[in-house]
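Give the three-dimensional model of this entry:
(one chain, ligands or ions: 1)
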Amino acid sequence: MGKLILVTGGTGFIGSHTVVELQQAGFDVVIVDNLSNSKKEVVDNIEKITGVRPKFECFDLANRELTRDFFSRNKNIDAIIHFAAFKAVGESVQKPLEYYRNNLTALMNLLECMKDFNVNNFVFSSSCTVYGQPEKLPVTESTPRRPAESPYGNTKAIAEDIIRDFAFVNPQAKCIALRYFNPIGAHPSSLIGESPVGVPNNLVPYITQTAAGIRKELSVFGNDYNTPDGTPIRDYINVVDLSKAHVVAIDRLINDKNKSNYEYFNIGTGNGYSVMELVNAFMKATGVNLPYKIVGRRAGDIEKIWADTSYANNELGWKAEKSIEETLLSAWNWEKKCRGIK
Ligand code: UDP
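Next up is the predicted model:
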């Protein structure tokens, strides 16, 4: 029997890809997800890719009794990867209490269960949003954190602090936070990918829906930034590469390779692409014309950020490998599959 990993939010975008990578690396997986932003069919598709059906339970981790009951029935969990959270930046501004309550309560319920049920390994899904607009680029792990731009971003910063403080007084608990840059793309099988509900907020789902004819044109939010072509720069990372970082983090914890019991890593490619560079790379990779117009800046957007990944590269022995073209093509293939486009 392999080690058993609890993946919360395992039917979501990054969660589902991580379950695939874990199973392919020989881990057993139990998913907990309340399906608030994903579908149960994802479990079928994970099984199609890996040949193994992960265990699945549907409940809300913000419910303390249900969470405790789950751990009392599952005493053999070796590690937790915690993805389950609300993630819409704009919505979080409108509904701050829902975001703080949901994201932080679920985290604290899990940490409490780690202590009470002797689960010692924890990987947390954090974000480069904790850096805000850094003064110096690229950002390293010692770049200071900045006040968050949104309640969503703040839940990530507060969650990191909660985990740090928990680890401090629980030396047996080993925790890693992975600070993701911009995850994009889909599994090469086109069986799992990103499925935004309603109008997408993020750039790549908006691009693929526009290419599929669902949206009229992409609005490029601002071309008057202090960047070479005036559009904002991000570090877009392939979701499969990102998922592999979780497998490596789990291996580090389970095999006691960690240097302290709370560590955090930048998980990006180290390369920055502007919005227009991404749009052009999409057209080149797919051969599809993408209508777009330049509009005003979006409130709260930062100008530019990309990762220094040397700490993750050296310490985890992990590196993003897939090209931007391959990644954008995978996102397009997934969109086509979802829409029945040949
Ligand atoms: N963006 C855009 N049009 C869109 C969505 C996003 O021009 O319809 C830009 C946005 O201004 C930002 C970049 O694309 O510069 C990435 O945005 P996304 O929301 O995907 O990620 P984040 O802002 O969280 O880095």
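
Let me see the ranges of the strands in the stretch 151-300 of the chain.
With DSSP state E, counting those that start in this stretch as the criterion, the stretch 151-300 of the chain has strands at 174-180, 182-184, 218-221, 233-234, 236-238, 262-267, 273-274, 292-295.

As TSV, those strands with mean pLDDT would be great.
What follows is these, written out as TSV (pLDDT from 0 to 100):
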stretch	mean pLDDT
strand 174-180	98
strand 182-184	98
strand 218-221	98
strand 233-234	98
strand 236-238	98
strand 262-267	98
strand 273-274	98
strand 292-295	98
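
Between the ones you listed, which one is closest to the ligand.
In terms of CB to the nearest ligand atom, the element of the strands of the stretch 151-300 of the chain nearest to the ligand is strand 218-221, at 3.6 Å. C-beta coordinates here come from the backbone N, C-alpha and C atoms, glycine included.

Burial check on Phe56, number of neighbours?
For Phe56, the neighbour count with other CB atoms under 10 Å is 19.

Please disregard the earlier target; I meant Ile302.
The burial count for Ile302: 17, using other CB under 10 Å.

ok now do it, which residues does it touch?
The neighbourhood of Ile302, defined by CB atoms under 8 Å, 6 or more residues apart in numbering, consists of 132-133, 149, 232.

Please apply the same query to Gly270.
By CB under 8 Å, 6+ apart, the contact list for Gly270 reads 138, 235, 306-309, 320.

what about 10 Å?
138, 181, 235, 237, 306-310, 312-313, 319-320 (CB atoms under 10 Å, 6 or more residues apart in numbering).

same question, Gly10
Contact analysis of Gly10 by CB under 10 Å, 6+ apart lists 16-19, 22, 29-33, 38, 42-43, 46, 54-57, 81, 83-84.

which SS state does the closest residue to Pro134 other than its chain neighbours fall under?
Leaving aside its chain neighbours, Pro134 sits nearest to Thr143 (5.1 Å; criterion: CB to CB, 6 or more residues apart in numbering). Here Thr143 takes the coil state, with states given by DSSP: H, G, I helix; E, B strand; the rest coil.

State the number of residues packed around Tyr292.
By other CB under 10 Å, 17 other residues sit near Tyr292.

Pretty sure Phe13 sits against Val197.
No. With contacts defined as CB atoms under 10 Å, Phe13 does not count as touching Val197, sitting 11.7 Å away.

These two: which is more packed in?
Phe13 (26 against 9).

Contacts only, for the more buried one.
Neighbouring residues of Phe13 by CB under 10 Å, 6+ apart: 37-38, 42, 83, 87, 183-186, 192-196, 202, 205, 239, 242.

ok, back up a step: just the contacts of Ile302 now: which is nearest Trp332?
Nearest to Trp332 among the contacts of Ile302 is Pro232, at 21.9 Å by CB to CB.

What average pLDDT does stretch 64-76 get?
Stretch 64-76 shows a mean pLDDT of 97.

All set, thanks.
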